[in-house]
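Enquirer: I'll drop the sequence and a predicted model, then ask my questions.
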Number of protein chains: 2
Amino acid sequence: MKKTKLTLKDVAEQLGVSTATISNAFNRPDQLSKAKREEILAQCKKIGYSGPNKAAQILRKGTSNIVALVLADSISYMVSDPVASTFIKGVSSALQENGKHLLLYAGDSDSILDVVDFVDGFICYGQPRNTNLVAELAVSPKPVVTVDFDIEDKPSINIDNEEAAYRVASHALTTGDSVAILGLRLIDSPATCRIYDSPLIDVETSIAHRRLDGYMRAAEDKGIAVSNDAIWHLPESDRHFARQAAKEVLTISPRPNVVLCMSDIIALELLHMALEKGIKVPSELRITGFDGIEEAERARPRLTTVCQSSSQKGVEAARSLLEQVTSKSTLPFEVRLGETV
Amino acid sequence: MKKTKLTLKDVAEQLGVSTATISNAFNRPDQLSKAKREEILAQCKKIGYSGPNKAAQILRKGTSNIVALVLADSISYMVSDPVASTFIKGVSSALQENGKHLLLYAGDSDSILDVVDFVDGFICYGQPRNTNLVAELAVSPKPVVTVDFDIEDKPSINIDNEEAAYRVASHALTTGDSVAILGLRLIDSPATCRIYDSPLIDVETSIAHRRLDGYMRAAEDKGIAVSNDAIWHLPESDRHFARQAAKEVLTISPRPNVVLCMSDIIALELLHMALEKGIKVPSELRITGFDGIEEAERARPRLTTVCQSSSQKGVEAARSLLEQVTSKSTLPFEVRLGETV
DNA sequence: TTTTATGCGTTAAACGTTTAAGTTAATGAT
DNA sequence: ATCATTAACTTAAACGTTTAACGCATAAAA
């Protein structure tokens, strides 16, 4: 059709006004008369100029309306995990409402350098394995909001994981007396394993460790000892890993009668396997999950778990980024009880 | 730390060379001596210059390494649908391999105008409801690849939906004699309903209609008539809609003994409801799905369905965008049989 | 020795905007 | 009639790069 893309300058020449006026017609209606503005806009439509070039705007204005969502794990994982994808939903809907765009940024890349210049900010979900990423985010000139983990001086969205874990564990432990824990990202290993004496990772900022603290406090309150070899580490909240850990935990003897799982996905896999083996849940084995996904509610018996609204987290994260909030915020959660049978 | 962000110019002055040389050091190693280049790079690292500003590069080079993934439905829906999210996985991994970034673009926005200037191309997944979007994509100056639907003259990734539907339906119809169809996006309605004589939408480009054609041909081959009121329309492949349609289809009388579903999600919901009602599957009721999601394989009895690799579609889409392929490509599929019991 | 080529750099013109500062002319106050 | 104020534009300097085109040594070819 057109020989080459029209520019503001072309349009200005054709209409016999300055480029500033055209620019103002699009961006600052108060800078010109209503009549002229409407005429310009009409003419632009007519000759096929659809507004100032966005690439140039990004450079000149220093803002792109793009927000990067930095995902701790690979995008692949994040999109299939129900908790993470619900979070993404929340983020995207909040951003969309504000005319922002969502750039999905994989956590397995090692630097934000190639987007930091043009994005308007970062939402970082979950603790990235890559510590360089964290370091870069920490000194990023663009606003950063973290979710489910902390960076000093940056706003973050969290629930009180310690308290939530304490509450759900306390409930499960009312009748049980021996405990196992299926934990998430407790140590730095890509495989499922018991932690024994492996050094725990990132004890300070990791939600996994907040949860572990909560479990431990609950156990302590009941006078139940939990040794390190009753604690499993899973690198991801994934069915495959969960299956393996579930198999292990069900075959140790004596078999624990309470298993605290750091995600519903893990808990559900354990539940299924237990039922397959003919173990009665919850009378012989009490299982708790974490997150409150739909599937956990549909399961029979229904899972006892901590319900947190991932989508609300997403919305909050976006909002606090856009509003340049600088303080940390703690979201509510709720313990949902399973069947007592 | 630094007063203000360093620019290429600052660096050039400090090192006593021209800006072009600094630029070349980063972008075109062949344009300067190895020694100088390494010295420059070292100095840059030292003074904290992390490379040319990307926003400026986008403007100047006319490329951003950002690819927009335009999703037919809202991002929310896409992220929760297993088929769509698997597709996204494929796209993102292929893009990442090539150093590209993924911008998630909601199909419910009505224009690509605010990103078209800076993205390197569009991957469009599924038919957008918004026809304006399609029109804009059709004349986009940036490359476009469509998946699961067509835009004239633009490359597209598809399986042969007609043939796939024909094959899976033919199999189910070997024993059945009365058919219902749970279709997807057949008419322009936001609610589940039978189509009766509602006008079908987008007969030309919609995969739903290719599938319908395949079902019909299979029925015809067996000498089975399918009237419009045996065909349901669902606006989305969503459990909720599926449940409602399933309820309806199971209560009409005489009850069909074959139900062809345009997605596994729909088929699974129907399967569950049928089993709840004590209907024997497949002896009393044969159900076919579409897509071949994991859950369909886990279901008991296992679902008869068309397996297509969504993630491969994603990879192919990304690849053909990056390679500027201009032809349409047809991917393989496979019919997976359920239990015959 | 004169040409031709080659390697290494520099100069300066884009890329397409936005916006502070400046210029008119018209309006309003005194 | 005079001066301050305002409305409506224009001018021109950024924003931070990339990249043709050019210049200048030094090396190779004739």
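Expert: Good, I have the coordinates.
Enquirer: only C-alpha atoms from now on, for both contacts and neighbour counts.
Expert: OK.
Enquirer: can you give me the strands in the stretch 151-300 of chain A?
Expert: A:156-159, A:179-184, A:193-194, A:231-234, A:258-261, A:286-288 (DSSP state E, counting those that start in this stretch).
Enquirer: neighbours of A:Gly223, how many?
Expert: A:Gly223: 10 surrounding residues under other Cα atoms under 10 Å in any protein chain shown.
Enquirer: turn the strands of the stretch 151-300 of chain A into JSON lines, columns for distance to chain B.
Expert: JSON lines is the format used below for the strands of the stretch 151-300 of chain A (distance: least, Cα to the nearest Cα, whole Å):
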{"stretch": "strand A:156-159", "distance to chain B": "20"}
{"stretch": "strand A:179-184", "distance to chain B": "22"}
{"stretch": "strand A:193-194", "distance to chain B": "26"}
{"stretch": "strand A:231-234", "distance to chain B": "22"}
{"stretch": "strand A:258-261", "distance to chain B": "22"}
{"stretch": "strand A:286-288", "distance to chain B": "23"}
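Enquirer: pipe the ones you listed into TSV and attach mean pLDDT per row.
Expert: Putting the strands of the stretch 151-300 of chain A into TSV (pLDDT from 0 to 100) gives the following:
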stretch	mean pLDDT
strand A:156-159	95
strand A:179-184	96
strand A:193-194	88
strand A:231-234	94
strand A:258-261	98
strand A:286-288	97
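Enquirer: tell me the residues on chain A that lie near DNA strand C, please.
Expert: Residues of chain A lying close to DNA strand C by Cα under 7 Å from any atom of the strand are A:5-9, A:19-21, A:23-24, A:26-27, A:51-53, A:55-57, A:59-61.
Enquirer: could you redo the last one with a cut-off of 6 Å?
Expert: A:7-9, A:19-20, A:23-24, A:52-53, A:56-57, A:59-61 (Cα under 6 Å from any atom of the strand).
Enquirer: list the contacts for the one residue in the stretch 101-250 of chain A that gets nearest to DNA strand D?
Expert: For the stretch 101-250 of chain A, the residue closest to DNA strand D is A:Asp117, as judged by Cα to the nearest atom of the strand, at 8.8 Å. Listed by Cα atoms under 8 Å, 6 or more residues apart in numbering or on different chains, the contact set of A:Asp117 reads B:Asn53, B:Lys54, B:Ala55.
Enquirer: and which of these is nearest B:Pro332?
Expert: Checking the contacts of A:Asp117 against B:Pro332 with Cα to Cα, the nearest one is B:Lys54 at 39.5 Å.
Enquirer: how many neighbouring residues does that closest one have?
Expert: Other residues close to B:Lys54 by other Cα under 10 Å number 20.
Enquirer: any idea how far the closest residue to it other than its chain neighbours lies from A:Val168?
Expert: Of all residues not flanking B:Lys54 in the chain, A:Asp117 sits nearest, at 5.5 Å (Cα to Cα, 6 or more residues apart in numbering or on different chains). According to Cα to Cα, to the nearest Å, A:Asp117 stands 44 Å off from A:Val168.
Enquirer: what do you get for A:His240?
Expert: Using Cα to Cα, we find A:His240 at a distance of 24 Å from A:Val168.
Enquirer: which one's more surrounded, the two?
Expert: A count of neighbours by other Cα under 10 Å puts A:Val168 above the other of A:His240 and A:Val168, at 24 against 15.
Enquirer: residues contacting that one?
Expert: A:Val168 makes contact with A:Thr288, A:Thr304, A:Thr305, A:Val306, A:Val335 under the criterion Cα under 8 Å, 6+ apart.
Enquirer: cool, A:Arg194 as well?
Expert: Applying Cα under 8 Å, 6+ apart, we find A:Arg194 in contact with A:Asn228, A:Asp229, A:Ala230, A:Ile231, A:Trp232, A:His233.
Enquirer: so what's the residue count around the residue of the stretch 101-250 of chain A found nearest chain B?
Expert: Nearest residue of the stretch 101-250 of chain A to chain B, counting by Cα to the nearest Cα: A:Leu103, 4.3 Å away. Residues within reach of A:Leu103, counting by other Cα under 10 Å, total 24.
Enquirer: and what of A:Leu182?
Expert: For A:Leu182, using other Cα under 10 Å, the count is 28.
Enquirer: so in terms of bridging, what pairs with it?
Expert: A:Trp232, A:Cys261 (DSSP bridges).
Enquirer: distance of the residue lying closest to A:Gly62 once chain neighbours are set aside relative to B:Cys44?
Expert: Spatially, and ignoring its direct neighbours in sequence, A:Gly62 is nearest to A:Phe118 (7.2 Å; Cα to Cα, 6+ apart). According to Cα to Cα, A:Phe118 stands 20 Å off from B:Cys44.
Enquirer: of these two, which one has the most company?
Expert: Neighbour count, other Cα under 10 Å: between A:Phe118 and B:Cys44, A:Phe118 has more, with 25 against 20.
Enquirer: quick one: the strands in the stretch 1-150 of chain A?
Expert: A:66-71, A:101-106, A:121-125, A:144-147.
Enquirer: in a markdown table: those strands, plus distance to B:Thr146 and mean pLDDT.
Expert: Shown next, in a markdown table, are the strands of the stretch 1-150 of chain A (distance: least, Cα to Cα, whole Å; pLDDT from 0 to 100):
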| stretch | distance to B:Thr146 | mean pLDDT |
| --- | --- | --- |
| strand A:66-71 | 23 | 96 |
| strand A:101-106 | 20 | 93 |
| strand A:121-125 | 29 | 96 |
| strand A:144-147 | 34 | 96 |
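Enquirer: the ones you listed into TSV, with extra columns for distance to A:Arg255?
Expert: Formatted as TSV, these follow (distance: least, Cα to Cα, whole Å):
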stretch	distance to A:Arg255
strand A:66-71	36
strand A:101-106	39
strand A:121-125	35
strand A:144-147	36
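Enquirer: would JSON lines of these with distance to DNA strand D be doable?
Expert: Converted to JSON lines, the strands of the stretch 1-150 of chain A look like this (distance: least, Cα to the nearest atom of the strand, whole Å):
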{"stretch": "strand A:66-71", "distance to DNA strand D": "17"}
{"stretch": "strand A:101-106", "distance to DNA strand D": "21"}
{"stretch": "strand A:121-125", "distance to DNA strand D": "17"}
{"stretch": "strand A:144-147", "distance to DNA strand D": "20"}
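Enquirer: how about the ones you listed, which one is nearest B:Lys34?
Expert: So among the strands of the stretch 1-150 of chain A, strand A:101-106 is nearest, using Cα to Cα, at 32.9 Å.
Enquirer: list the neighbouring strands of the closest one plus their orientation.
Expert: strand A:66-71 (parallel), strand B:101-105 (antiparallel).
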